[in-house]
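Student: coords please:
(chains A, B and C)
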Amino acid sequence: MPELPEVETILNGLSAALAGRRIISTEVRRDLRWPVPDDLSIRADGKKIGATTRLGKYMLISLMRGPTLLIHLGMSGRIRITPKPEKGPAYRPLTHEHVSILLDNGTYIGLVDPRRFGCLLLADAGRERDHVLLRSLGADPLEPEFDAAYLYARLNRKRAPIKTALLDQRVIAGLGNIYVCEILYRAAINPQRLASSLSMDEIALIARVTPEVLREAIGAGGSTLRDYVDAQGKPGAFQDLHLVYGREGEPCPECPGYPACGGIRRVVQSGRSSFFCPRRQPPLSLEDA
DNA sequence: CGAGACCCCTGGCTGC
DNA sequence: TGCAGCCAGGGGTCTC
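Tutor: Numbering: from 1, shown residues only, chains lettered A, B, ... in the order given. Next comes the predicted model:
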């Protein structure tokens, strides 16, 4: 579910709730994709919360004089913040609220994840990038190291389709199916073209458009397709601004030929749907054909 | 190195 | 209304 903009939006809300707080206790009711570490309570309870950051789709919550919590929301994960009620019923976890963290102001931070594709793990402070899940991640597209030269170096020898290459978290950390489709549409590049067939100019265009799309999505509060909501429980609005994702058969804004052109097309690549406009994003080179 | 299949798991929607 | 089948925003592992 959550791609970079959704994670960023959730993390903003979560950071506000965590700022200056201390963890009183943690409770794990069910394991996630990987078992939540047995020593979570031992290492986290009583610790004051430090900086909260994001790396691709991972949220990193550092604990002072303690480890760093690594949280990935998978497909269906979300964060539920439950402030201490003035009066009335006590906190009750939701059906799929598998982990709860009680803060010193009575707020509960819940990790809700019906499909349990997400995870909560611990990394050693100061060596987070050495963690097995983080060490092979590529550049985060909102960080300065991400630019045309970086992207070109990562793509110019890749024989995979550009769509698949951009989904590879080792190339760029944070993109998912929705935003790759939107980025390639904006850059007017066919998702089936081989990454190695793209010119420097085309890659530079992708490098320019990527942070633009992500920042716009963050500004809109992310994309809500099914049950995504931010840490306050509010849905995003960027799905209304999707130009191609989920719009098979609909006209693309750039296409004067609709309906004769058939509108937005959908193809399956590596098991994931790709949406594109065949006129704006032509297949092009012989190498790709 | 890359493609594709399979796996993790649940809920929502569609069509019969 | 019931139910089977398909689909989904992620990603790790294995084989070819």
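
Student: neighbours of the residue in the stretch 51-200 of chain A positioned nearest to DNA strand C, how many?
Tutor: Nearest to DNA strand C in the stretch 51-200 of chain A, going by Cβ to the nearest atom of the strand, is A:Gly176, at a distance of 1.9 Å. Backbone N, C-alpha and C define where each C-beta goes, glycine included. As a burial measure, A:Gly176 scores 22 neighbours (other Cβ atoms under 10 Å).

Student: chain neighbours aside, what residue packs nearest to A:Pro235?
Tutor: On the basis of Cβ to Cβ, 6 or more residues apart in numbering, the spatially nearest residue to A:Pro235 that is not a chain neighbour turns out to be A:Thr224, at 3.9 Å.

Student: that neighbour and A:His242 touch, don't they?
Tutor: No. Look at A:Thr224 against A:His242 with Cβ atoms under 8 Å: they stay out of range, at 11.0 Å.

Student: list the contacts for the residue nearest to A:Pro235?
Tutor: The contact partners of A:Thr224, by Cβ atoms under 8 Å, 6 or more residues apart in numbering, come to A:Pro235, A:Gly236, A:Ala237, A:Gln239.

Student: before we move on, back to that, how close does the residue nearest to the residue of the stretch 51-200 of chain A closest to DNA strand C when sequence neighbours are not counted get to A:Met75?
Tutor: Sequence neighbours aside, A:Glu3 is the residue nearest to A:Gly176 in space, at 3.6 Å (criterion: Cβ to Cβ, 6+ apart). For A:Glu3, the distance to A:Met75 equals 11 Å [Cβ to Cβ, to the nearest Å].

Student: and A:Pro283, by the same measure?
Tutor: Relative to A:Met75, and taking Cβ to Cβ, A:Pro283 is found at 30 Å.

Student: re earlier: pLDDT wise, what is the residue nearest to A:Pro235 at?
Tutor: For A:Thr224, the model assigns a pLDDT of 83.

Student: same thing with A:Ala289?
Tutor: 43.

Student: so A:Val7: helix, strand or coil?
Tutor: Following DSSP: H, G, I helix; E, B strand; the rest coil, A:Val7 is assigned to helix.

Student: which residues of the stretch 51-200 of chain A lie near DNA strand B?
Tutor: A:76, A:95-96, A:114-117, A:157-161, A:164 (Cβ under 7 Å from any atom of the strand).

Student: report the buried members of the residues you listed.
Tutor: Among those, those that count as buried by neighbour count (16 or more other Cβ atoms under 10 Å) are A:Ser76, A:His96, A:Pro114, A:Arg116, A:Lys158, A:Ala160, A:Pro161, A:Thr164.

Student: part of a helix, is the last one?
Tutor: Yes. Assigned with three-state DSSP, A:Thr164 falls within a helix.

Student: list the residues that contact the closest residue in space to it that isn't next to it in sequence.
Tutor: Spatial nearest neighbour of A:Thr164, excluding adjacent residues (Cβ to Cβ, 6+ apart): A:Ser270 at 5.2 Å. A:Ser270 sits next to A:Lys163, A:Thr164, A:Leu167 when contact means Cβ under 8 Å, 6+ apart.
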